[in-house]
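J.: sequence first, predicted model second:
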Amino acid sequence: MVIIVKILVPIKRVIDYNVTVRVKADHSDVDLSNTKMAINPLCEVAVEEAVRLKEKGIASEVVVVSIGDNSCHEQLREMLALGADRAIHIDHDKLLDSLQIAKLLQKLVEQEQPGLVLLGRQSIDSDNSQTGQMLSALCDLPQAAYVSKIEVDSGKVLATQTIDGGTQQVLLDLPAVISVELTMNEPRFASLPNIMKARKTEIEIQQALDFGVDLNSNLEIIEVSPPEQRPQVAMVKDVAELLDKLNQAGVIE
């Protein structure tokens, strides 16, 4: 027996992965001026999986949510164009840590009562991989992380997790929180009619300050520096030349 559930998908606006990240001159943060932004790739995979579950008749509704300033509306509308039914913007313009984000999402889970929360296992900017696990603990829900495949049936979800040396399957009762891998699926391209429709869809805006969560972050950015430039690679003709260069560099004697 298939149980029809509402799916909540948190998404994040990040610097496009094709863009070279620049650091501000004073090393206080990353320079976002005139920088192309996009949805976090793992979040897009989560939305795609939710939409596929809806197309199979397993999900009744797909709700996407993003925390940030009004600029995240662009990514929310992109996900509406891909097949999400509703979009929620939790409005807050200050830096938040993973726990604060999880606490805001906890309040939204209590409000929306989804049967399944799907989110990317991590974002490509902070790379913390914490929010999903924190959210499941706060909501006291079963969770699976690094998931590449899910099957929903009879009020349970069978999740295939990536682990060291292979995969393992875990069976969770719904509702549950699942953090997805990039290999779960290949997100579709939005059609022009859906893009036009998404532009007219109303985005529900809620103020983060109304959620009763302490938004005074304990996270402080001390300094941001670009990675060191890699040295140029030199090609050698044979082992003798390699040993000679290693000798000159003082690697071997």
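T.: That came through, no problem.

J.: can you get me the start-to-end distance on stretch 188-206?
T.: 29 Å (Cα to Cα, to the nearest Å).

J.: before we move on, what about stretch 18-31?
T.: Counting by Cα to Cα, the terminal residues of stretch 18-31 are separated by 15 Å.

J.: identify all contacting residues around that stretch.
T.: Contacting residues not belonging to stretch 18-31 are listed as 15, 35, 36, 125, 221, 223, 224, 225, 226 [Cβ atoms under 8 Å, 6 or more residues apart in numbering]. (C-beta placed from N, C-alpha, C; glycine too.)

J.: let me know the helix or strand that the second one is in.
T.: Using DSSP states H and E, residue 35 sits in no helix or strand.

J.: find me the pLDDT at it, would you?
T.: According to the prediction, residue 35 has pLDDT 85.

J.: biggest separation within the contacts of stretch 18-31, which pair?
T.: By the measure Cβ to Cβ, the contacts of stretch 18-31 have their two most distant members at 36 and 223, which lie 24.7 Å apart.

J.: hang on, the earlier thing: from the contacts of stretch 18-31, keep the buried residues only.
T.: Buried members of those, scored by 16 or more other Cβ atoms under 10 Å, are residue 15.

J.: what's the closest of the contacts of stretch 18-31 to residue 239?
T.: Within the set of those, residue 226 lies nearest residue 239; the separation is 35.4 Å, counting by Cβ to Cβ.

J.: that closest one: which element?
T.: Using DSSP H and E, no helix or strand contains residue 226.

J.: residues touching it, list them.
T.: By Cβ under 8 Å, 6+ apart, residue 226 lies in contact with 21, 23.

J.: over to residue 50?
T.: For residue 50, the set of contacting residues under the criterion of Cβ under 8 Å, 6+ apart consists of 7, 9, 59, 62, 84, 116, 118.

J.: ok, now with 6 Å
T.: Contacts were defined as Cβ atoms under 6 Å, 6 or more residues apart in numbering; by that measure residue 50 touches 7, 9, 62, 118.

J.: so the last one sits in a strand?
T.: It stands for residue 118. Yes - secondary structure assignment (DSSP: H, G, I helix; E, B strand; the rest coil) places residue 118 inside a strand.

J.: which pLDDT value goes with the closest residue to it other than its chain neighbours?
T.: In this structure, residue 118 finds its nearest non-sequential neighbour in residue 46, 4.3 Å apart by Cβ to Cβ, 6 or more residues apart in numbering. As summarised for this prediction, residue 46 has a pLDDT of 95.

J.: my guess is residue 46 meets residue 117, correct?
T.: No - in this structure, residue 46 is not within contact of residue 117 by Cβ atoms under 6 Å, at 9.2 Å.

J.: sketch out the low-pLDDT regions of this structure for me.
T.: 1-3, 253 (pLDDT under 70).

J.: which stretches of this protein form strands?
T.: For the chain, applying DSSP state E gives strands covering 5-11, 13-15, 22-23, 30-31, 37-39, 59-68, 86-91, 116-120, 143-153, 156-163, 166-173, 176-180, 204-207.
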